[in-house]
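Engineer: missing the sequence, but the structure's below:
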């Protein structure tokens, strides 16, 4: 009989020969098999559970004996009786190799679990967060070989977890001695592993083995909305997602008006910094309460945001971002203690990571989108549009990636729209207009029924029908164009021209009545000519940015389009194309990615290597500055037409022919021309 | 004619050949010649002044032509006319090598200036502080190659000063953009270079070239006294030295009583931490005011202290230091922001460095003494005694160094002495007693006259004669023993036994009258039997510690003794030896080193490499724990006699024969025995 045995791990397929008596965990580690352990093999944490396979394995050409592993031992017995264990499972640290064996590592025993995203363009997140819980046994003090308790903790981390050069704040050092003694020299530490220049740092510690909450926040700080995901750093699970309005809106709706506010009002930047930090602290409290976790167990916060938000979050006056050459104070990623940013709601030792900015107008949010959607790994030419108050646009493939930002304004988020509102129950989110009758039907958030379905009134009795949200206004305008209510220049026809009483004069222009709730005390919801103009401005800015990148790339069409953004998932690709928000493309090649910036933040939260990756990628992305490019204006003017005055939309024409109408002579333009 | 030339630098003797036209500064740098420059060769800072030598240099075998350097240029002209320059000097960055030349670098142009200490055991300090001012020219932002301003500052530091991986706090980033623009892309930064795991960090910045204040504090935090030196980090000059009483005295006079206070009173450790930090902030203010500098221009603070002070300074409960195995929470050196220690008086970005501790009873102060006195480099066997409320004792040579601490109590600092006081004007500091008449004479701080000199009364009229300080009580007790007023066991004889009315009964013991000021409303200053007992306890502890180290080293005498401590410089070696504070040694081999711990702190403040050195040395020093060593008690009991009941003092006997008197039968011992 041989004195070593073949061990094959599934699903990895990794294999090797080991001396009889080798614990399975040790074999897994020496082969680099992804088998979890917090306690380092001491039979405490039970994270290293494995399932041995017995019998014939023709695939591997081996037979596994019933005695291939050592007998069930007292540690396993105790664990199973106390906490339960699936039949057939063993603890990898206790079971020893006694013969050739096939070992399956179940998904929950893998450290680097894959977290599957639901989105169509899903990328898996490999769990390898910067902060982890590590159990260590620390040597007791010896008067004759005097070293500090902390120095022995450092040694334990180096020997038991191969982590060198660990530091700790005074607040942690202060608690070290009682915790060590209470745990009888066995403790669990929350260790934050630094990148590059940042040291490894103990953020917290507990006596004995501890498997309590260890959470992180991924925050997408937008001009209008602050969205946060609360993630369990142990398995990547999202416990809660929540958002609040950015309180800086009161200082200015869009980025440039906030920069102006800072320029005009001494200390204005600090006011805005204080406002957003207070809001974030409130959001942290709210999301933690929603998930039923203690906000003090949040140890990491990752931020993505555009450059102006970035500077205001960090407490840096954004004035330079308001004028060429749009110099960022700092463009690199930032790793710093949360307390330096006055994030008091999270753990006092929590660490912040801010993704790198790409340029003065293309921020960490664009970097996050690049991380989530990986245009730099795409085989085909992809256009990624992150729709928001400020749009981030990426174009490229694995050869080259370009980026720009475009100031679309808040219209896509329902602001500056007469009946606009944020996406909340009661808001109209889907619209269809009958081409023949010009009659609309719609759906509101909170119900799956259309407004002409039976039971709609009952289903929406609670929420009411309150206004139109961002995706709703896009569909409404596109459907109006499709039904001939709107002409190519964006003018709403009169009742007479269009042939419906829903077109009503409003001042010198017309509006279209979507819903009249006045009989029951509800609102009258119309789409006004002003709303159309606001959407035209927004979509022209978006399209012009995309077109500018296509010029730079020297292409006249793209292979596919990804619509991203806080409400990107809700935008109908067809309607976006009818509007001319995005360039013409086959409809099945236009996908929604949801909040890609938020996803990028989550990836950076859950995987340290992703931080290094995006820092490298951010350097590679070529930035195009829209603000100073003369062709931007040209594209912008052409894009004012719906879908476009110049660029052809052949794929769109094939699926949705747009009526050739013109309301110009009877419209405001005509009247104005006469007055001139 | 050759197209290169020989350049010889003095005093270093470094030489090399350089192409004609090479600036002298560049030649110096490439040879590693120590020539200062803050502006990096831009003709701004004038730190690189050199003196060319002309004519014959037989020593070097060359002739230096009058045209060996390029002509005096407009930059030099402007500098000289504006700020003046010594005749014959040139700016090293402007003068170019045009032929063989000998260049002298005057001391003030050397970066690593030597700071000469005044003390007898002087070691020179080479200036290489962690924090320096660096002038840089930063590239302007380019919209087409977007990088953050900070990233361009990083690049400038890497390219112009070879400093990589520089970080900055948000507070500095916040000020970066306006400073860069005000300085027209030329700025000066205060750069703190980290050791090992600590990043290089920009602490402050100014537009243009800045040569303002850049100061550091070396603080010796003792149980009784907090002593600080304010140093100019540019040249090592000590601007002011000052001290305050440690406010923790109210919680306990010695270390163990403070540990007890923390054990008995929940939150007591935090009270003591707050007290000492407040005091240090006050001291910083006071010393800065004294020196006429802004405390906000203090960028570095170095601390040395014993382990209990160390923990209380850092906010760590010292309870573990009160019981075996005397485990330190942390023994390594610490580098942290001053604000983490609530040192608010210094610059908000100031950095703290705390020297490493050697063991639970041998702290950073002992490490500092080792740094200042370098026993590990000594050829002969040296005993270094740092006298204070807790004494640090080092014994060794370049082969091996031992250390221990001994709880002497505050008697040597004038506390627990009936007429004791701190060293201040009016305190008796020197004492002589006439062996024949038993009459004393003395000197007080503030006057060089002896009390029997003409004019003494006038000279001390202002200060008065107020008490006895530490060095005074040592001399008084030793002189009393020498004059036979005190016997070998430490008993004061009666008037009858001694033959002077100055010996007076006080309760059941006798005291000796040093000074009677009662006629003029002044104090009556006596040395009581209680004072003698206090000094006996203190000196026995000191001696027993030293003796224990000698046992461990297996020696029965030492080659030399260094007396250190805040008042070490004031202790008379002869009197210390009569007392038996220190082992017998040739008197000319007993030296005073002054506040060696404070000097060690200054060395660590002014020279970064010294920090690495002491961290390595602290590991090498072998620690002897007095508290658990049975022989310590034995040595302690023997050392109670003056000078010692057992150990011979041959060198002492040769210079100061002690009278063989015994007052035991008439003394308190005798009486007590009769009562028993």
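Structural biologist: On my side now, so go ahead. Since the model is a prediction, treat every value here as computed from it, not as a measurement.

Engineer: Can you give me the end-to-end span of stretch A:452-468?
Structural biologist: The straight-line separation of the ends of stretch A:452-468 (C-alpha to C-alpha, to the nearest Å) is 17 Å.

Engineer: Just give me how far it sits from the chain centre.
Structural biologist: Stretch A:452-468 sits 31 Å away from the centroid of its parent chain (C-alpha atoms, centre = their mean, to the nearest Å).

Engineer: With stretch A:594-609 instead?
Structural biologist: 5 Å.

Engineer: again, but for stretch A:88-96
Structural biologist: Counting by C-alpha atoms, centre = their mean, stretch A:88-96 comes out at 38 Å from the chain centroid.

Engineer: can you give me the mean pLDDT across that stretch?
Structural biologist: Per-residue pLDDT values across stretch A:88-96 average out to 90.

Engineer: Quick one: end-to-end length of that stretch, please.
Structural biologist: Start-to-end span of stretch A:88-96 (C-alpha to C-alpha) is 15 Å.

Engineer: Would you check how far apart residue A:435 and chain B are?
Structural biologist: The gap separating residue A:435 from chain B is 47 Å, by C-beta to the nearest C-beta, to the nearest Å. The C-beta positions use only the backbone N, C-alpha and C, and glycine is treated the same way.

Engineer: pretty sure that residue is touching residue A:482, no?
Structural biologist: Yes. In this structure, residue A:435 is within contact of residue A:482 by C-beta atoms under 8 Å, at 6.8 Å.

Engineer: Which one's more surrounded, those two?
Structural biologist: The neighbour comparison of residue A:435 against residue A:482 (other C-beta atoms under 10 Å in any protein chain shown) goes to residue A:482, with 21 against 12.

Engineer: Quick check: the gap between that one and residue A:563.
Structural biologist: Applying C-beta to C-beta, to the nearest Å, the value for residue A:482 to residue A:563 is 19 Å.

Engineer: same check, this time on residue A:279
Structural biologist: Counting by C-beta to C-beta, the gap from residue A:279 to residue A:563 is 27 Å.

Engineer: Comparing those two, which residue is more hemmed in?
Structural biologist: Applying other C-beta under 10 Å to residue A:279 and residue A:563 shows that residue A:563 carries more neighbours, namely 25 against 17.

Engineer: Quick check: closest non-adjacent residue to the residue positioned nearest the centre of chain A.
Structural biologist: Nearest residue to the geometric centre of chain A (C-alpha atoms, centre = their mean): residue A:598, 1.5 Å. The shortest distance from residue A:598 to any non-neighbouring residue, by C-beta to C-beta, 6 or more residues apart in numbering or on different chains, is to residue A:220 (4.2 Å).

Engineer: Could you tell me which strands the host helix or strand of the one you found is paired with, and in which direction each runs?
Structural biologist: Using DSSP states H and E, residue A:220 sits within strand A:215-221. Sheet pairing of strand A:215-221 (DSSP bridges) gives strand A:225-232 (antiparallel), strand A:298-305 (parallel).

Engineer: Out of those strands, which is closest to residue A:164?
Structural biologist: With C-beta to C-beta as the criterion, residue A:164 lies closest to strand A:298-305 of the strands paired with strand A:215-221, at 20.8 Å.

Engineer: Looking at the first helix or strand past the closest one going along the chain now, give me its mean pLDDT.
Structural biologist: Sequence order places helix A:307-314 as the next helix or strand after strand A:298-305, per DSSP H and E. Looking at helix A:307-314 alone, the average pLDDT works out to 96.

Engineer: Please see if the following helix or strand past helix A:307-314 touches chain B.
Structural biologist: Counting by DSSP H and E, the element after helix A:307-314 in chain order, helix or strand, is strand A:334-337. Yes. Interface with chain B: strand A:334-337 contributes residue A:336 (C-beta under 8 Å from any C-beta of the partner chain).

Engineer: Partner strands of the helix or strand just after strand A:334-337 and their direction?
Structural biologist: Note on strand A:334-337: by DSSP H and E, the next helix or strand toward the C-terminus is strand A:351-354. Strand pairing for strand A:351-354, determined by DSSP bridges: strand A:298-305 (parallel), strand A:334-337 (antiparallel).

Engineer: secondary structure class for residue A:250?
Structural biologist: For residue A:250, the assignment made with DSSP: H, G, I helix; E, B strand; the rest coil gives helix.

Engineer: Name the SS class of the residue lying closest to it once chain neighbours are set aside, please.
Structural biologist: Sequence neighbours aside, residue A:275 is the residue nearest to residue A:250 in space, at 7.9 Å (criterion: C-beta to C-beta, 6+ apart). Secondary structure assignment for residue A:275 (three-state DSSP): helix.

Engineer: Tell me, how many residues neighbour residue A:275?
Structural biologist: Residue A:275: 17 surrounding residues under other C-beta under 10 Å.

Engineer: and it, what does it touch?
Structural biologist: Each residue near residue A:275 by C-beta atoms under 8 Å, 6 or more residues apart in numbering or on different chains is listed here: A:247-248, A:250-251.

Engineer: For the one residue in the stretch 401-550 of chain A that gets nearest to chain B, which residues count as its bridge partners?
Structural biologist: At 10.3 Å from chain B, residue A:403 is the closest residue in the stretch 401-550 of chain A, using C-beta to the nearest C-beta. Applying DSSP bridges to residue A:403 gives these bridge partners: residue A:394, residue A:623.

Engineer: Please report the distance of it from residue B:101.
Structural biologist: Counting by C-beta to C-beta, the gap from residue A:403 to residue B:101 is 55 Å.

Engineer: now do residue A:341
Structural biologist: Residue A:341 sits 56 Å away from residue B:101 when distances are taken as C-beta to C-beta.

Engineer: What segments of the stretch 501-650 of chain A are strands?
Structural biologist: Along the stretch 501-650 of chain A, the stretches classed as strands by DSSP state E, counting those that start in this stretch are A:503-506, A:509-516, A:524-527, A:560-564, A:590-594, A:622-623.

Engineer: how about JSON lines for those strands, with mean pLDDT added?
Structural biologist: Listed next are the strands of the stretch 501-650 of chain A as JSON lines, based on pLDDT from 0 to 100:
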{"stretch": "strand A:503-506", "mean pLDDT": "94"}
{"stretch": "strand A:509-516", "mean pLDDT": "95"}
{"stretch": "strand A:524-527", "mean pLDDT": "95"}
{"stretch": "strand A:560-564", "mean pLDDT": "92"}
{"stretch": "strand A:590-594", "mean pLDDT": "86"}
{"stretch": "strand A:622-623", "mean pLDDT": "91"}
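
Engineer: Most tightly packed of these?
Structural biologist: strand A:560-564 (a mean of 26; mean count of other C-beta atoms under 10 Å in any protein chain shown).

Engineer: List the pairing partners of that strand within its sheet, with orientation.
Structural biologist: Strand pairing for strand A:560-564, determined by DSSP bridges: strand A:382-386 (parallel), strand A:590-594 (parallel).

Engineer: Show me which residues of the first one are buried.
Structural biologist: When you say that, I think you mean strand A:382-386. Using 16 or more other C-beta atoms under 10 Å in any protein chain shown as the test for burial, strand A:382-386 gives A:382-386.
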